[in-house]
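S.K.: here is a sequence together with a model predicted from it:
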Amino acid sequence: MNIQYAIKDDIVYILEANPRASRTVPLVSKVTGVSMAKIATQVMLGAKLSDMDTHLRTYPHFGVKETVFPFNMFPEVDPVLGPEMRSTGEVLGMADSFEIAFFKSQVAAGSSLPLEGTALITVASGDRQRALIVVRELFSIGFTILATKGTAGFFKENGIECEVIKKMHEGRPNIVDAMHNREIQFVLNTPIGKEGVYEDSYIRKSAIKYNIPYHTTTAAALAAARGIKAARENLIDVRSVQSYHCDVD
């Protein structure tokens, strides 16, 4: 059964309860080599889990599920996620390391990560410390760092060389100009929200318009930065799903 919840004022609400498996299940089966749907069907028909091969398994590989969104079809919609379902599909990246698996998942989702170039970093003040870790990863592999005034000041105080770029309301040339001119290859922008005097959705919309990989959380950006580093250092191979299953204990 697939259940969707919402929580408001510490009260848990059930939005949907559907007698079906979510689309995550076949992806989990591909990573583990265990047919979840087959086991579930057998249980519904009266079989016992104790009679099946459900031993603890050890996996030497990693699987990363990535969600596909249709934001490129709706250029005026701010691609910030909320509680509503916006995704139109999911893809899977598999590899012997998490970093390469993540890199593959981005390629499969149609948002191939750059191996070099310039990264734009503009984050809410509460995200600057976490963004610093991302920037250090990108800086270490040769990326040029662009940042808006407040973010750039924080980075410079912490020993990161970066260039200051103007926001759209600050004049020109600005972030949108740089994206239009293909001067930016990677974007980390955490939404400022209601605390900001000027809205920043144009950054995310422009990233989609010009097909620039963007991230709205520091966690995703860090995974991307480490994926880029790993992809620069390792040959990304293509293997069958079955070959991964052969290594499972």
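M.R.: Yes, it's here. Residues are numbered from 1 along each chain as shown.
S.K.: what strand or helix carries the residue sitting furthest away from the middle of the chain?
M.R.: Using CA atoms, centre = their mean, the residue of the chain lying farthest from its centre is residue 46. It sits 39.8 Å away. Using DSSP states H and E, residue 46 is not contained in any helix or strand.
S.K.: and what of residue 13?
M.R.: Going by DSSP H and E, residue 13 is part of strand 11-18.
S.K.: mind listing the strands that strand pairs with, and their directions?
M.R.: strand 2-8 (antiparallel) (DSSP bridges).
S.K.: quick one: average pLDDT of the strand it pairs with?
M.R.: For strand 2-8, mean pLDDT rounds to 88.
S.K.: name the residues that touch it?
M.R.: Identification of contacts with strand 2-8 by CB atoms under 8 Å, 6 or more residues apart in numbering yields 12-18, 20-22, 83. Glycine gets a C-beta too; all of them are placed from N, C-alpha and C.
S.K.: ok, stretch 134-152 next?
M.R.: Here stretch 134-152 makes contact (CB under 8 Å, 6+ apart) with 116-123, 125, 128, 131, 155, 160-167, 170, 175, 178, 184, 186, 188, 218, 221-222, 225-226, 228-229, 232.
S.K.: may I see the PyMOL selection of the buried members of those?
M.R.: Remark: buried members of the contacts of stretch 134-152, expressed as a PyMOL selection using 16 or more other CB atoms under 10 Å:
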select buried, resi 117+118+119+120+121+122+123+128+131+155+160+162+165+166+167+175+178+184+186+188+218+221+222+225+226+228+229
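S.K.: any idea which residue sits dead centre in this structure?
M.R.: Residue closest to the mean C-alpha point of the chain, counted by CA atoms, centre = their mean, is residue 220 at 4.5 Å.
S.K.: and it, which of the three is it?
M.R.: helix (DSSP: H, G, I helix; E, B strand; the rest coil).
S.K.: show me where this structure has its strands.
M.R.: In the chain, the segments counted as strands under DSSP state E are 2-8, 11-18, 62-68, 89-95, 118-122, 144-147, 163-164, 186-189, 214-215.
S.K.: the closest residue in space to residue 188 that isn't next to it in sequence: what's it in contact with?
M.R.: Excluding the flanking residues, the one nearest residue 188 by CB to CB, 6 or more residues apart in numbering is residue 221, at 4.3 Å. Shown in contact with residue 221 (CB under 8 Å, 6+ apart): 131, 134, 188, 215.
S.K.: ok, now how distant is residue 221 from residue 202?
M.R.: To residue 202, residue 221 is 19 Å away according to CB to CB, to the nearest Å.
S.K.: pLDDT of stretch 166-179, averaged?
M.R.: In this model, stretch 166-179 carries a mean pLDDT of 93.
S.K.: and the contacts of that stretch?
M.R.: For stretch 166-179, contacts defined as CB under 8 Å, 6+ apart pick out 120, 122, 146, 148-149, 165, 184, 198, 200, 202-203, 206-207, 209-210, 212.
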